[in-house]
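S.K.: sequence and predicted structure below; questions after.
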Amino acid sequence: MEFYNNHKKLFSVVTYLFSILTLFVVIIPAYQNQENNAPLPGYKPLTADEAAGKAIYIKEGCVGCHSQQVRNVDMDKIWGSRPGIAADYAASSRTDFWRNSANLMGTGRIGPDLTNIGARQPSIDWHLAHLYNPRIVVKQSIMAPYPWYFEIKNKAAKGDVVVNVPEEYMRGTTGVVVAKKEALQLVAYLQSLKQIKMPDGTPDPTFLYKPAKKEFTPQGGANGEPELDGKSLYAANCQSCHQENGEGLKGAFPPLKGSPIVNAENIEPFVGIIMNGYDARADFGVMPAIGTNNSLKAEEIAAIMNHERTSWGNTGKKVTVAEVKKIMEFLKTSTASK
Amino acid sequence: MKKNIHSKISLIFTLALITVLSPSLSQAQTDHPVSFFPNKTIGLGLWLTLLIALAVIAVLYFAFKTKRDTKIYSKKSKQDKVTKLNCFLNNLESEEIQVVKENLNNSNSTKKLLPAILGLLFLLPHNVFSQTEPAKRSELFSQPGVLITFILIAIPLLFGIIFMIFKVSRALKHFFNEQNKKDAELLVDMITKETDSLDEQTLNTLKKANDFGLTNSELAGTASAVDDRGLIRNVNDDHDISFFAEKKSAAKRPKIDPQLTRLVLWFLGTAVFWLLWGTSMGEYLGIKYVTPDADSISWLSFGRLRAVHTNSVFWAWATLGMMGLGYYVVPMVSNAPLHSLKNGWRALKAVNIAMVVGNISVMAGINNGGGEYREFIWPIMALWAYGLILTLHNFIKTVAKRTTKEIYISNWYIIASYIMIIIVATLAYLPFLQTGIGETIVQGYYMHQAVGMWFMFSNLGFLYYFLPQQLNKPIYSYSLGVLAFWSQIIFYTLIGTHHFIFSALPWWLQTIAIVGSVGQLIAVISGTTNYLMTFKGSFSKIGSSYSLPFFLVGVIYYFTGSMQGTAEAFRETNLIWHFTDFTVAHSHITMYGIITFLLFAGIYAIVPRLTGNEPPKKGVGAHFWMALIGLQFYTIPLMIGGTLRGLAWAEGKSFIESVVLMAPYWLWRAIGGSLMWGSHIVLAYNFYKMVSGSKVTSVKEKAIEILKQRTAASK
């Protein structure tokens, strides 16, 4: 064929064909999506510190292991309360003359998704210790440590943010570990990562591929009811601070082992702390409203509480779902009335 | 039959690995029953299916064998006596005929053949069949308890079937032996007692015929052989038992322009350097999965090194390797000199400088943003693209100067790949269409077109040149090559978004990507068919070739890797595999199993021709096996672990549990990675040997040299 023997024709056809296909699968969709897109009404631009933190996040290649996208599938529910939508990324634009925009969606989850980390783990103490060496707070973690964002001083000066590092992670040096500006900026960025609520009247997109499992239906407080796996729920929601052995971390996270609140007959303060958080003790970090943030159900909270009340030598009586539910409803009405 | 041995060994290795891993696999399943969405227990179902399949195979085999035996027997038993006797006589040896002659007798009596026994057919296991056929799948069948029960029933059933087959075979054998004995007695009776069917005359004729033999010189005559036309060359007289296959030296070819040779060798040499560098970083990253506290140097931290590894192997090793092979192949198949050597050198420098600067900048923490393989900032990639544009121009001009009428298909693929990667890279680095979700749409396109339209396309082009050249035969079908060419452009361009299924990207775009991933199979199947059919009939050449084993592995991975990619794109599978290490395994199967293996093959195919120096034979064998086995150890554990991790996520297990679950698989990956990395050191050594020219003194060349000196001296 003449066409195949004419390099100008042949390679022009290749160029046009590839360009036209590119136009339809990339250029037009990308154009449409960037033009018809705006951040949700609740969006707040990053502060200077948060933006600097994002630059560090990009610099260190965090996106290689941490995604920032909640897919619209049921298994991603743990990473956010609703699936991600295009508007969530609308504010991402070109960084500077040299660098491209970064919406940091990611393609791998060697580590957890960080879309909603600001809500899931708001504690700065936790983040700083975790950045200095992740294994301080999560024994099994394989994340890289970032000690170059910290310095070791003999004595903390005024205004220094001291990180609580157990001795075994000090590598033989003595002194106090102080967070550099960059570490604080990075944590500020992580704390800013929160899913924005859909505007009023707009329903959340639904999660697909729900498990076919029968939903657990609570039938009052009968003792024969099947119980959820409290240990696993504890690992997912509480363990990173309070540790697997329930002993917490000295100076950062209080122990649950032998805790009077955990073991108390009256479970109201216990449920209250899980649902609304706690920040009354100066010697420990802030407890986030983990129950509300992670939308835990009464059954899940009861399972976690029972795990905590019966492990590590704790001797609390088991609680029932009904009891927890009652307190949760009470808390809801009392916070709503405030 | 070297290929058979190769494939067998790799099969055994694969199986052994699976066997080694299976305890942890099954343990994981019994400890925490991992179930897929509609509550199907996979592990147990798999075992049950396997057992039933084994039983069915055993029964089928036995049925077939019995049927054949009885058929032969019934055919035999239908023959009349005379035919039998003739058949018997025709098979006699001389001495045996003598014995028969001595026993010829006149007495007479008859015996009748026993009728063939019937009733064996009832053993043909129709009944057995219906027993082992899998029951209809029902809700009940997804219950672990039920499955375990079935397995427990199936195991003794399988043993029962095997035992029965053994028993019945023995009975049958016994029966046939008895029959044969009777036949023998009958024959003896015929020989000794019947006269009409046999006489001495016949036997003498038979004996004479039997003793006839040739002198072995009927055709050749007595004159000794002379190779007047010099047809026999390149003969290897050293035969010893070797662990690695003995490789044949490359046939001498007309000299390539030494200037071009130097350029190609520089491209390939720097490519090998970048492979060593990139995979050393990869190896270190693999180790960091196991010991995350290996160092605390910011330049070597995981997030930065990851980009160093991926970008070095993509834009440095594979790109430079492909450019090097391209500079050899394009002028060769155009039958014309390269348009401009100068631009070739410029391109070499541009790409290498870009890569040095890029690696340093990423390690220092300067990168472009979040996109994978897009970590180098635009000035660096602009320099890189400059090298490619120069090369594209160079190639097109060379093709324009061609002395052949047609443009050989290799050049279609190679030049098209440059056109497409330049379009892709330009679009990805221009500051437009990158706001919000647009960046991700471009990113999906960029990362996948780079793989499919650049790395894959160029390498497919090389195959159309190297396979016919190395096998010394034409490509199986030119038309299939043309079909694969256009179908790859049409379908592959669509599939970028399949990296972002279930994300915030438009749903219709995701669907197009999935459809494109399926359509892409047209290109893969036509391509693979073409290559394998070209191999067909020449598999015996593989063992004695430096490059063909690498080519074969590349072609096989081209098929399996691409198929796997399609399988991963479906929504149901993407749900489990996305975000896990399964993807990492897949990218190594494709970028290593296909691209890197084909580049290895190309290097071993042309460098000995360019320099005239063979690589060390054992070195090539070691390189091949370490890379291949290493790749198995790398990918198979990650696929198993990735699947289990995805299932654990779907089950709602806490994230940290899935990290703990992966630990053994990450260890295996580090082991496999070490083997692959070791093979690259061997490659570097082989390459050095091929280029350095410090070869063993050739007796022949030395002798000629001495003779020349003597004649010169005598003058």
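M.R.: Received it, and whenever you're ready, just let me know what you need.
S.K.: all the helices of the stretch 451-600 of chain B, residue numbers only.
M.R.: Per DSSP state H, counting those that start in this stretch, the stretch 451-600 of chain B carries helices over the ranges B:457-471, B:478-492, B:507-535, B:548-569, B:571-577, B:581-588, B:597-611.
S.K.: please convert these to JSON lines, extending it with mean neighbour count and distance to chain A.
M.R.: To be clear about C-beta, it is placed using only N, CA and C from the backbone, and glycine gets the same treatment. Converted to JSON lines, the helices of the stretch 451-600 of chain B look like this (neighbours: other C-beta atoms under 10 Å in any protein chain shown; distance: least, C-beta to the nearest C-beta, whole Å):
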{"stretch": "helix B:457-471", "mean neighbour count": "24", "distance to chain A": "10"}
{"stretch": "helix B:478-492", "mean neighbour count": "19", "distance to chain A": "6"}
{"stretch": "helix B:507-535", "mean neighbour count": "19", "distance to chain A": "5"}
{"stretch": "helix B:548-569", "mean neighbour count": "22", "distance to chain A": "12"}
{"stretch": "helix B:571-577", "mean neighbour count": "19", "distance to chain A": "6"}
{"stretch": "helix B:581-588", "mean neighbour count": "22", "distance to chain A": "7"}
{"stretch": "helix B:597-611", "mean neighbour count": "25", "distance to chain A": "21"}
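S.K.: now the ones you listed in CSV, with distance to residue B:210 and mean pLDDT?
M.R.: Compiled in CSV, the helices of the stretch 451-600 of chain B are given as follows (distance: least, C-beta to C-beta, whole Å; pLDDT from 0 to 100):
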stretch, distance to residue B:210, mean pLDDT
helix B:457-471, 45, 96
helix B:478-492, 54, 94
helix B:507-535, 45, 94
helix B:548-569, 47, 94
helix B:571-577, 68, 91
helix B:581-588, 64, 95
helix B:597-611, 54, 94
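S.K.: of all those, which one is nearest residue B:257?
M.R.: When those are compared by C-beta to C-beta, helix B:597-611 sits nearest residue B:257, at 10.2 Å.
S.K.: for the helices of the stretch 451-600 of chain B, which one sits closest to residue A:304?
M.R.: helix B:571-577 (27.1 Å).
S.K.: kindly report the residues of the stretch 101-250 of chain A close to chain B.
M.R.: A:101-110, A:112, A:133-135, A:138, A:140-148, A:208-209, A:211-213, A:232-233, A:235-236, A:239-240 (C-beta under 8 Å from any C-beta of the partner chain).
S.K.: select only the buried ones of those in PyMOL?
M.R.: Selecting only the buried entries of those in PyMOL, with 16 or more other C-beta atoms under 10 Å in any protein chain shown as the criterion:
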select buried, chain A and resi 101+102+103+104+105+106+107+108+109+110+112+133+134+135+138+141+142+143+144+145+146+147+209+211+232+233+235+236+239+240
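S.K.: among the residues of the stretch 101-250 of chain A next to chain B, which are in helices?
M.R.: Of these, the ones assigned to helices by DSSP state H are A:232, A:233, A:235, A:236, A:239, A:240.
S.K.: tell me who's in contact with the fourth one.
M.R.: I take that to be residue A:236. Counting by C-beta atoms under 8 Å, 6 or more residues apart in numbering or on different chains, residue A:236 makes contact with A:78, B:654, B:655, B:656.
S.K.: repeat that for 10 Å
M.R.: Going by C-beta atoms under 10 Å, 6 or more residues apart in numbering or on different chains, residue A:236 touches A:78, A:229, A:294, A:296, A:300, A:304, B:652, B:653, B:654, B:655, B:656, B:657.
S.K.: in those, which residue is surrounded by the most others?
M.R.: Using other C-beta atoms under 10 Å in any protein chain shown as the neighbour test, these are led by residue A:304, with 26 neighbours.
S.K.: mind giving me the domain ranges of chain B?
M.R.: B:40-208, B:254-407 (automatic domain parsing).
S.K.: okay, those domains, which one's buried deepest?
M.R.: Ranked by mean neighbour count, these are led by domain B:254-407 with a mean of 20 (mean count of other C-beta atoms under 10 Å in any protein chain shown).
S.K.: mind listing what the nearest residue to residue A:60 once chain neighbours are set aside touches?
M.R.: Among residues not flanking residue A:60 along the chain, residue B:303 sits closest, at 4.4 Å (C-beta to C-beta, 6 or more residues apart in numbering or on different chains). For residue B:303, the contacting residues are A:57-66, A:143-144, A:146, B:362, B:365, B:367, by C-beta under 10 Å, 6+ apart.
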